[in-house]
Structures are given as structure tokens and as C-alpha cells.
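S.K.: Here's a sequence, model it:
(2 chains)
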Amino acid sequence: MTTQNTDSPALALRGVSKSFRTPDGQQVGVHPTDLDVAPGEIHGIIGFSGAGKSTLLRLANLLERPDAGQVVVHGQDLMTLSPADLRTARQRIGMIFQHFNLLHNRTVADNVAFPLRIAGADEARINERVKTCLEFVGLSEKAGVYPAQLSGGQKQRVAIARALAPEPHVLLADEPTSALDPRTTQSLLEVLADVNRRLGVTILLVSHEMGVIRRLCHRVSVMEGGSIVERLTIANGRIPPDSQLAQWLREYGDAEGDAEEAAAEPAPQHLLSEAAHG
Amino acid sequence: MADETLAPVPTILDTFIELLPEIGKAAGETGLMMLICLTAAVIVGGALGILVFLTSPGQVLGRYRRFNLVANGFINVFRSFPFIILLVAVSPFTRHIVGTSIGPLAASVPLSLAAIFYFARIIEQTLRDVPRGVIEAAEAMGASPLQIVTQVLLVEARSGLILAVTITAVSFLSYSAVAGVVGGGGIGDLAIRYGYYRFQTDVMLITIVLLVVLVQGIQFFGQWLARRVDKR
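M.R.: Numbers count the residues shown, from 1 in each chain, chains lettered A, B, ... in the order given. Next comes the predicted model:
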């Protein structure tokens, strides 16, 4: 275990690998990989389906335990922790998912309170954090409703509020906008950018949508076949034109570019109302 | 002419009133057997079902593969016994803990055994309805296995769990009638003694109506409660 200093990354994967077999016998996973995410950075992971993006992300909080390597968060190697210490460490690593994964039988407020209750926080602090976090994502008036009554974009906002409740330093986002339409995606990306800018939370985000990466990330790692094949810095939403990623975009088209054009046209009514909710 | 006046044929209502004390006693015995076997099922069977679910492959305690195999095997073995065979087979055990093998208390032993494994299997299957992603989200937030059980599984699956208790109650109401065969007492026993052995069809009818009302009541209440707590 090393002590944390300002230069050390917020999150570092060192030589992590993971291999498993799919039910149809294919060998998949992540080859030994290094990844450093600096404090305050939004780091994207992009790649085709099956490239190992989500697996790599899930290694960062040991939802998948790597076969080898080190997972260092805030200078603490998660691999060396006891189960109880790992749980404590996880309380400070937020995570959001493609399908939100909210508790359906609990109200919005109780969902946001959930990680704090688990950590044994007192009621006064829970109430204060729930209020603050729901305000942050703009859903204060929904505190008492159940998730079934919310739109997809609102559910993801609740999930973000829940992840923020224990004041994490790192947020892991697994395809957070892939179940959402382009308009809702746009407003959700603004929330995530706010999380990073205003709260200083480091974000590691997996997406297969180029537009998401381009609008949000400072740096991006491109994955293919279980390895990171390219690491790029994104300045002002531009992909360096001589990169492999730029070549893929020329080859396979920038699906997100089409979506952006579509969003400029008058949006159907239900999308507008969705955006209004947000 | 001989006197044609006969004693009036007793109506079913007369029989009912005459038998009321018997029926009351039988209902009490049935209630006692149900209370004991459902309590055992919910506590022991519920815990067993939760453990089997947690240790199944890909779940939170999936690494305890051996426990899962053994517990699964146990459940299957006990569930293979026709109830009446189980009743007889465990009678030495029953006599050992209750001191007798007849009466509602004695019948509660095999009933509880059968109910525990029956309920364990239903609970295990009900918990499969909780999406893996929700459990995973709780793990990512640092929830312990016990917290996952009490704050995720039991909350998210609660309407299914209520229906599981309902289905178990209905099944074991009818199993408790079988226990009457070995002198277990209860409503089923009444039906067999009067209705079957003494050919008193009206008694048989009364007990059947009573059982139908009970089953409808349990089912209705269970479904109502399950709907009420379901916010999904």
C-alpha cells in the first residue's frame, strides 16, 4: 500500500487480467492491462461489443476479481483488502449502470439513502445527503415516488444521486446512456459533467457511443480484443485524425453524428416532455 | 295402519349444530398444525432457501459450491417422499421429540419437515426474480451478504415471498388432512372419521365447505397483500 499524494492517480489498474469462458465456450476477458486515471479526470473506454470494456470497468471495484494485477484506488490496493475492508473501500467508489439497477420497492429517497444506510450513517446525515443529492440531479420533487413512475432519464439521475450520496471520489459509469434516447442522453451528460466539475469526482466511463465520449471525456482508451490498443487525449471534442479511432469512425460511420443532426430537428413530443422533466 | 310418523330427517344444519363442538375442536387442531408447520417453514425453510439461492453459481456466495450441492440434494430427497410415507418414516423421530406419535402436535413434526423443504425450494425460485444487476449494484455500494439479504432480496422479492407463504399454507392445509390418518386430528381428520368411515355425507360436505372457505380466504388475503406491497 502506498500513501496518497497529489500526483498519484485516483484510480490505477496495474497489469490486471481476467479471462472467462462464455456459455458457448468462447474465451473472452481482458489481457494484462495498465490504466491510470488522474484525479479530476473523465476517462472514457470505448470499443466494439465484446472488446472487454465493461469487464475492465468492473475490475476497478472488484465486481470482477482480476486473475492477476493490482487495482489501486486512492493509493489503496483493493486486491489486498479483507472482504470487510473491501466493502468499506467500495462505499467511496460510486457506480452507475446501463439499466439503472434501482430498488423498485423503495422510494427515490430511500434508494438514494441506501448506500448510507448500508454504511451505518445516522439519520440526520442521511436526510441531509438525500436532500443535497436529489437537488443536485434536479429531482427533489420526486423524493417520495417509486422508480416505476419515473422515465429512463429520471431513473438514471436517481442512480447518479444514489452513487453520489456517500461522497465518492471516483464514479464508475457502465454504459450510462445506452438505454436512453439522444435528448435524454444530452441532459444526462450535463449532469455527469457537473458531477466532475462541481464536485471534483473522477469518472471512468464505458460507452460504445462516440458522441458520449467526445462530449464528456478528457481522455479515452480504445479497446479491442481485451486490450487497450490506443490512448488519446480529446481536446475540444476532437479526435486526433491520425488515430486508429478516427479511422474506425471514417470506416464505420459516426452513428452519434447522425443522432446529433436528428436532435436539431423538431423532436417528437414525448422526447420534449422527457427533456422538460430533466 | 302402522304409525307412519318418523323422526324428522336431520337437516345438514342440524348436523352442523350438533357437531359444532367437534368442528370447533377440529378447527383448533388444524390451526395449531398450520401455525407450527408454517412457522417452521418460514424460519428454517426460508433461511435454507435464501442460503441455497446465495450459493448458487454466479450469486454473491457462489464460491460455496459444495454447500449448494449438498443443500440442493437434501431438499430434493425430502421433497421426493410421498407425504404419507414421510409421516410414517419419521414417526420414531416424532415420538422422540414429542413423546407420542398421535395427535396434532405429533402430526406437526412431519408436516414441519415437509413444509421446510417445500418452502425452501419455492423461496429459492422466488428470489431468482430479483434482477442480478440490482444485487450487483448493492455489492458495488459495499453491502455485506447479510445486508443484501435483508435490504435487497427480501425487499425486492417481498410480493413473491408473500405468495410463496400463501401457496405453502394452502398446500399444507390439505397435507394436514392426511395427518389425520395417523390420528393427527383437525378438519381433515373429521372428514375422514365421520364422512368416510361412518358414511355421513353431510359431515363430509360441511368439512369440505369449511376447507373451501379457508382456502379461498388464505388465497384472497395472500394475493391482496402481495399486490399491495408490490411497487414494481
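S.K.: burial of A:Phe48, as a residue count?
M.R.: Neighbourhood size, A:Phe48 [other CB atoms under 10 Å in any protein chain shown]: 13. (Glycine included, C-beta is placed from N, CA and C.)
S.K.: Residues of chain B that sit close to chain A?
M.R.: B:131, B:133-134, B:136-144, B:147, B:151-152, B:155-156, B:158, B:229-232 (CB under 8 Å from any CB of the partner chain).
S.K.: of those residues, buried ones?
M.R.: Neighbour-count burial (16 or more other CB atoms under 10 Å in any protein chain shown) applied to the residues of chain B next to chain A gives B:134, B:136-144, B:147, B:151-152, B:155-156, B:158, B:230-231.
S.K.: buried stuff in the helix or strand of chain B with the lowest mean pLDDT?
M.R.: Between all helices and strands in chain B, the lowest mean by mean pLDDT, DSSP states H and E belongs to helix B:187-190, at a mean of 84. Across helix B:187-190, burial judged by 16+ other CB under 10 Å covers B:187-190.
S.K.: just to revisit the earlier point, which of the buried ones among the residues of chain B next to chain A fall within helices?
M.R.: B:134, B:136-140, B:147, B:155-156, B:158 (DSSP state H).
S.K.: Columns pLDDT on top of these, output as CSV?
M.R.: Below are those laid out as CSV (pLDDT from 0 to 100):
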residue, pLDDT
B:Val134, 96
B:Glu136, 96
B:Ala137, 97
B:Ala138, 97
B:Glu139, 96
B:Ala140, 96
B:Gln147, 97
B:Val155, 96
B:Glu156, 96
B:Arg158, 96
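S.K.: In contact with the residue lying closest to A:Asp194 once chain neighbours are set aside, which residues?
M.R.: Counting by CB to CB, 6 or more residues apart in numbering or on different chains, the nearest residue to A:Asp194 once its immediate chain neighbours are dropped is A:Phe136, at 7.5 Å. Residues near A:Phe136 by CB atoms under 8 Å, 6 or more residues apart in numbering or on different chains: A:161, A:164, A:194-195, A:199.
S.K.: Highest neighbour count among these?
M.R.: A:Ala161 (28 neighbours).
S.K.: ok, now how distant is it from chain B?
M.R.: To chain B, A:Ala161 is 13 Å away according to CB to the nearest CB, to the nearest Å.
S.K.: A:Arg198 too?
M.R.: For A:Arg198, the distance to chain B equals 22 Å [CB to the nearest CB].
S.K.: mind checking the SS state of that residue?
M.R.: When classified by DSSP: H, G, I helix; E, B strand; the rest coil, A:Arg198 comes out as helix.
S.K.: What is the neighbour count of it?
M.R.: A:Arg198 sits with 9 neighbouring residues when counted by other CB under 10 Å.
S.K.: before we move on, what about the one 5 residues further on?
M.R.: Applying the criterion other CB under 10 Å, we find 26 residues in the vicinity of A:Ile203.
S.K.: Name the residues of the stretch 1-150 of chain A found near chain B, please.
M.R.: A:61, A:63, A:84, A:86-91, A:93, A:95, A:97, A:99, A:101-106, A:114-115, A:117-119, A:146, A:148.
S.K.: Buried members of those residues into PyMOL, please.
M.R.: Restricted to buried positions by 16+ other CB under 10 Å, the PyMOL selection for the residues of the stretch 1-150 of chain A next to chain B reads:
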select buried, chain A and resi 61+63+86+87+89+90+91+93+95+97+99+101+102+103+104+105+106+114+115+117+118+119+146
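S.K.: Which parts of the stretch 101-250 of chain A are strands?
M.R.: Ranges of strands in the stretch 101-250 of chain A, per DSSP state E, counting those that start in this stretch, are A:170-174, A:202-206, A:219-224, A:227-233.
S.K.: Make TSV out of the ones you listed and add mean pLDDT and distance to chain B.
M.R.: Shown next, in TSV, are the strands of the stretch 101-250 of chain A (pLDDT from 0 to 100; distance: least, CB to the nearest CB, whole Å):
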stretch	mean pLDDT	distance to chain B
strand A:170-174	96	8
strand A:202-206	96	13
strand A:219-224	93	21
strand A:227-233	91	23
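S.K.: so which of these gets nearest A:Phe48?
M.R.: strand A:219-224 (7.0 Å; CB to CB).
S.K.: sorry, back to before: which single one of the ones in helices among the buried ones among the residues of chain B next to chain A is nearest to B:Phe53?
M.R.: Nearest to B:Phe53 among these, with distances taken as CB to CB, is B:Glu156, at 12.5 Å.
S.K.: count of neighbours near the residue nearest to that closest one when sequence neighbours are not counted?
M.R.: Taking CB to CB, 6+ apart, and ignoring the residues beside it in sequence, B:Glu156 has B:Val130 as its nearest neighbour in space, at 4.7 Å. Using other CB under 10 Å, B:Val130 has 20 other residues around it.
S.K.: how about B:Val130, what does it touch?
M.R.: B:Val130 neighbours (CB under 8 Å, 6+ apart): B:152-153, B:156-157.
S.K.: Next: B:Arg128.
M.R.: Contacts of B:Arg128 were listed using CB under 8 Å, 6+ apart, and they are B:Phe53.
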